[in-house]
Structures are given as structure tokens and as C-alpha cells.
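Visitor: coordinates only, sequence not included:
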């Protein structure tokens, strides 16, 4: 067990903190919350969040999760050759599984990079 990460708008995370649980639209639409490994973070940010401001990264301790976590292929993987598996959380994220929240600022061109 280790750490996984999830990118979210700061305001959405603040609402989750107030309610004690986080359930984004993807959970209702697809049945799970999209997460990444720390190594996948920047690629995920550049692919799905380019040019967005006010993002934070939730650092999640897998052993604290109450919902089921599965490592699965991305839905877009048939177009890729990486073969990476992504962590998918099948249920709401209990906020006490989040051990760190870090800002994820984008560069002037809208891209994200490793610090």
C-alpha cells in the first residue's frame, strides 16, 4: 500500500471537507473516482487540466480508504502504448484518507511540470 493522488479544484475540496466526504461527478457518471500514482501526476495534469488554475493535489494514503481501490487500464489506453494502470476508487473518498493537500499551479503557457 502506498500513496495515490487526485487533482481537484480547491473549492470542490473545501466543500468536501465541510461534508466529510468527496464524491465528484465522475463517481456518479462512471462509477469511480479517477486517481493517479505520484509518477503519473504531471502527465495526468497536462492531459486533463491544462490551463486550469486553483487546483490542488490530494495525497491519499491507500490504507486509510474505506471504498474499494482497483488499479485498472485507462479508458483511453487503447490509443497509448504505456500500459500504465491507474488507481480507481469505487466509492466516495473519505476525507481522513487525505494526508496532504498541495497547490498545483500551472505555468504561464498552461502546462504543468515537475518541481
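Guide: Nice, I can see it. Values in this document were obtained by computation on a predicted structure and should not be read as measured data.
Visitor: for residue 22, what are its contacts?
Guide: With Cβ atoms under 8 Å, 6 or more residues apart in numbering as the criterion, the residues that contact residue 22 are 8, 12, 13, 16, 33, 58, 92, 93, 95. Heads up, the C-betas are built off the backbone N, CA and C, glycines and all.
Visitor: and the next helix or strand past the helix or strand of the chain with the lowest mean pLDDT?
Guide: Of all the helices and strands that make up the chain, helix 25-30 has the lowest average by mean pLDDT, DSSP states H and E, namely a mean of 91. For helix 25-30, the following helix or strand on the C-terminal side (DSSP states H and E) is strand 33-34.
Visitor: need the helices for this structure, in chain order.
Guide: According to DSSP state H, the chain carries its helices in the segments 10-19, 25-30, 41-48.
Visitor: which neighbouring elements make contact with the second one?
Guide: Where contact means 3 or more Cβ pairs under 8 Å, 6 or more residues apart in numbering; DSSP states H and E, helix 25-30 is packed against strand 33-34.
Visitor: got a list of contacts for the strand it packs on?
Guide: By Cβ under 8 Å, 6+ apart, the residues outside strand 33-34 that reach it are 6, 22, 23, 24, 26, 27, 86, 88, 89, 91, 92, 93.
Visitor: nearest to residue 104 among those residues?
Guide: Comparing the contacts of strand 33-34 against residue 104 with Cβ to Cβ places residue 6 closest, at 10.8 Å.
Visitor: got any ranges where this protein has weak pLDDT?
Guide: Along the chain, segments meeting pLDDT under 70 span 1, 75-83, 115.
Visitor: quick one, strands of it?
Guide: Secondary structure of the chain (DSSP state E): strands located at 3-9, 21-22, 33-34, 55-61, 68-73, 85-90, 93-94, 98-103.
Visitor: may I see those arranged in JSON lines, with distance to residue 42 as well?
Guide: Putting the strands of the chain into JSON lines (distance: least, Cβ to Cβ, whole Å) gives the following:
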{"stretch": "strand 3-9", "distance to residue 42": "10"}
{"stretch": "strand 21-22", "distance to residue 42": "22"}
{"stretch": "strand 33-34", "distance to residue 42": "15"}
{"stretch": "strand 55-61", "distance to residue 42": "10"}
{"stretch": "strand 68-73", "distance to residue 42": "19"}
{"stretch": "strand 85-90", "distance to residue 42": "14"}
{"stretch": "strand 93-94", "distance to residue 42": "21"}
{"stretch": "strand 98-103", "distance to residue 42": "13"}
